[in-house]
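**Q** Kindly generate the corresponding structure for this input.
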Amino acid sequence: MVRLWYAIGLALILAGLFHLGVLAIDGGPWEGPVSWRKPFTFGVSFGLSVLTLAWVARFVPLRGRTRNVLLGGFTGAAVTEYALITLQAWRGVPSHFNMASTVDSLVSRSLAAGGGSLVVVAIWLTVASFRPNPGVSPSMRLAVRAGFATLLASMLFGAVMIARGVIEVYSGSQQLAYTVATSLKPAHAVLMHGVLLLPALAWLAERLLATETARLRLVRQAACTYVAIAALVSALTVAGITLVGPSTASVLCAGAISALAITALTLRKAAARGRPPLRSTGI
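**A** Residues are numbered from 1 along each chain as shown. Okay, here's the model as predicted:
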C-alpha cells in the first residue's frame, strides 16, 4: 500500500506544478480567493503531506491495518479536497466559504468536512506517536513526536480558519470571511511541514553522527529551534502582526526541505567514497 500512497502523493505534486504552468500562461492574481495559485499550492502541499505521512507513519507504533486505514483516509481526503479546489478554480469561483449557488455550497461544505477528516487523522497519529516504541531510535522518536505535534498545531489553525470564515459567511459577510480566515495562514503554513523536516534530519543524523547521544542532541536542538520560530510566527499572527506572508512561509519551508535533501544526497555520496555505508533504516 505504501507505493500507492507514494504514487498518489507524487501525482498531486505534479498536478500542482501543472497549475503553476497554467498560472504562468493564463496570468491572473497570486493572492485572493480566485487564483491559479490555489490548485498549485494545495497540490504541492497535499502531495508532500501524503508522501511524508506514508514514510513517517512507519515510525509510529501502529498495526499494519490501522496504519493503512489512517493513511488511506488522509490520502482520500487530500485527493477530494484538491479535486474540489481545482474544480472551483477552473470554474473561476472561490472554493472556500462560497455559498453563491447549490453547487458552490456543496463544495464549500465538503471542503470543511474534508478538513475535519484530516484533523482527525492528525490527532490519531500524534497520539499514537507518543506510545512506547523501542524499535525506533530515541532521536527518531523525538523527531516524529515533535513533527506530528507541529502538524497537529497546523491543522488546528486550519480548522480555526475554516470556523471563523464559516461564521462570517453565515453572518452575511462573505468577503470578510476570506479576510479573517487568511489572517492565520502564516501560522498554518510555518507549522505544516515540520513532520517531514525533523524526521528527515534524524534520518540524516543516523548516517553522519557516530553516537545516538550526538544524534539526540542535534534533533533536540533542531526541534526546539523550529518550535520556537513557529511559536513566534504564530503568536505574532494571532496578534495581527505579519512578518512573512503565507506564501513566503511555504516557500521557506519548501526551500529548507530541498536544501536538506540536497545535503543528504551530497554527504551520502561523499561518505560512500570514503567508507562503507551505515545500516539503513529506510526512507
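
**Q** switch to C-alpha atoms for all contacts and neighbour counts from now on
**A** Will do.

**Q** tell me what the host helix or strand of Lys38 is packed against?
**A** Following DSSP states H and E, one finds Lys38 within helix 37-56. Secondary-structure packing of helix 37-56 (3 or more C-alpha pairs under 8 Å, 6 or more residues apart in numbering; DSSP states H and E): helix 2-26, helix 64-91, helix 194-208.

**Q** rerun that using 7 Å as the cut-off
**A** If you count contacts as 3 or more C-alpha pairs under 7 Å, 6 or more residues apart in numbering; DSSP states H and E, helix 37-56 packs onto helix 2-26, helix 64-91.

**Q** Would you reformat those as JSON lines and include distance to Ser137 and mean neighbour count?
**A** Putting the helices and strands packed on helix 37-56 into JSON lines (distance: least, C-alpha to C-alpha, whole Å; neighbours: other C-alpha atoms under 10 Å) gives the following:
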{"stretch": "helix 2-26", "distance to Ser137": "22", "mean neighbour count": "18"}
{"stretch": "helix 64-91", "distance to Ser137": "20", "mean neighbour count": "18"}
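
**Q** Which of those sits closest to Thr237?
**A** For the helices and strands packed on helix 37-56, proximity to Thr237 was assessed by C-alpha to C-alpha; helix 64-91 is nearest, at 25.0 Å.

**Q** any idea how far the nearest residue to Gly158 once chain neighbours are set aside lies from Thr126?
**A** Closest residue in space to Gly158, ignoring its immediate chain neighbours: His188 at 6.1 Å, by C-alpha to C-alpha, 6 or more residues apart in numbering. Using C-alpha to C-alpha, to the nearest Å, we find His188 at a distance of 17 Å from Thr126.

**Q** The two: which has the busier surroundings?
**A** His188 (30 against 21; other C-alpha atoms under 10 Å).

**Q** Which helix or which strand is home to the more buried one?
**A** For His188, the host element (DSSP H and E) is helix 185-192.

**Q** Grab the CA positions of that helix and hand them over as CSV.
**A** Below are the C-alpha coordinates for helix 185-192, written out as CSV (Å, rounded to 0.1, in the frame of the first residue of the first chain):
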residue,chain,number,x,y,z
LYS,A,185,-2.3,31.5,7.1
PRO,A,186,1.3,32.3,8.1
ALA,A,187,0.9,30.2,11.3
HIS,A,188,-0.8,27.4,9.4
ALA,A,189,2.0,27.4,6.8
VAL,A,190,5.1,27.5,9.0
LEU,A,191,3.9,24.6,11.1
MET,A,192,2.8,22.3,8.3
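
**Q** Next, the angle from that helix to helix 37-56.
**A** Comparing the axes of helix 185-192 and helix 37-56 via axes from the mean of the first three to the mean of the last three C-alpha atoms, to 10 degrees yields an angle of 30 degrees.

**Q** list the buried ones in helix 185-192?
**A** 185-192 (16 or more other C-alpha atoms under 10 Å).

**Q** Good, wrapping up.
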